[in-house]
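In: Sequence first, predicted model second:
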Amino acid sequence: NAGVTQTPKFRVLKTGQSMTLLCAQDMNHEYMYWYRQDPGMGLRLIHYSVGEGTTAKGEVPDGYNVSRLKKQNFLLGLESAAPSQTSVYFCASSYTGTYGYTFGSGTRLTVV
Amino acid sequence: EDKVVQSPLSLVVHEGDTVTLNCSYEVTNFRSLLWYKQEKKAPTFLFMLTSSGIEKKSGRLSSILDKKELFSILNITATQTGDSAVYLCAVAGGAGNNRKLIWGLGTSLAVNP
């Protein structure tokens, strides 16, 4: 029972490079989320999805794009990475959206 | 604006102590309050509370919600070094029909041997 799987676990990018973080869940959850977590800032919502083919902006969406082409996958893209995007990124999924999330193990991204 | 405030921000105790962590909230359309434990990796679910005055318990951890005063507490008795973690509080609710959680900044607990 894999739950929520994030890839990659670690990545170092140069400023201006692009990359995609993949989140996959095998629990048939409708809701999926991308968060970033920074010291002193807590968990901040980047984008989320309430079902296949839908996406919506969270608190800090600038510089990121997402896609949910399949129900089980939620992709987070950085088109032109900036040092301010150095963070730990967590994906989460939920069946109802309000009764508890299952988190992936996180991606530690460093932009130099 | 919806918000969740946790206190204290950090806490250092000795093994065997009892600790109480606080979470207060101002969130429209409250649905539930959740507690998570985060060690070096992803947050893991502890409790979900929806009704006032009903204690949820798991081993040495317990939690209760007061919907009148808009707060919850998480108690840990007979603390162990393995309890060292950041404890996160989140509230499901908010304006509109959005299914999101509003997160506190967490309480960092260090349990010394």
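Out: Sure, I can see it. Residues are numbered from 1 along each chain as shown, chains lettered A, B, ... in the order given.

In: Skipping adjacent residues, who's closest to residue B:6 in space?
Out: Ranked by CB to CB, 6 or more residues apart in numbering or on different chains and with sequence neighbours excluded, the top spatial neighbour of residue B:6 is residue B:104, at 3.8 Å. (Each C-beta comes from the backbone N, C-alpha and C, glycine too.)

In: Point out the residues in chain B that sit beside chain A.
Out: Listed as neighbours of chain A in chain B under the rule CB under 8 Å from any CB of the partner chain: B:31-32, B:34, B:41-45, B:48, B:88, B:92-93, B:98-101, B:103-106.

In: do that again at 7 Å, thanks
Out: B:31-32, B:34, B:41-43, B:45, B:48, B:92, B:99-101, B:103-106 (CB under 7 Å from any CB of the partner chain).

In: what are the bridge partners for the residue most central in space within chain A, then?
Out: Residue closest to the mean C-alpha point of chain A, counted by CA atoms, centre = their mean, is residue A:34 at 3.0 Å. Beta-bridge pairing for residue A:34 (DSSP bridges): residue A:47, residue A:91.

In: Checking residue A:6 next. Helix, strand or coil?
Out: Here residue A:6 is recorded as strand under DSSP: H, G, I helix; E, B strand; the rest coil.

In: Touching, it and residue A:103? I think so.
Out: No: contact between residue A:6 and residue A:103 fails when scored by CB atoms under 7 Å: they sit 8.9 Å apart.

In: can you pull the pLDDT of residue 34?
Out: This is for chain A. pLDDT recorded at residue A:34 is 97.

In: wait, I meant chain B there
Out: The score at residue B:34 is 94. That number is its pLDDT.

In: and it, what is it in contact with?
Out: Neighbour list for residue B:34: A:100, B:45, B:47, B:48, B:90, B:101 [criterion: CB atoms under 7 Å, 6 or more residues apart in numbering or on different chains].

In: Is residue B:100 in contact with residue B:90, as I believe?
Out: No: taking CB under 7 Å as the contact criterion, residue B:100 and residue B:90 are not neighbours in contact, 9.4 Å apart.

In: can you map out the strands along chain B?
Out: Assigned by DSSP state E, chain B shows strands spanning B:3-7, B:10-14, B:19-26, B:32-38, B:44-49, B:56-58, B:61-66, B:71-76, B:85-93, B:100-103, B:107-112.

In: weakest of those strands in terms of mean pLDDT?
Out: When those are compared on mean pLDDT, strand B:100-103 scores lowest, with a mean of 86.

In: where's residue A:105, which helix or strand?
Out: Here residue A:105, judged by DSSP states H and E, is contained in no helix and no strand.

In: now residue A:5: how far from chain B?
Out: 11 Å (CB to the nearest CB, to the nearest Å).

In: and that residue, what is it in contact with?
Out: Residue A:5 touches A:24, A:104, counting by CB under 7 Å, 6+ apart.

In: change it to 6 Å
Out: residue A:24 (CB atoms under 6 Å, 6 or more residues apart in numbering or on different chains).
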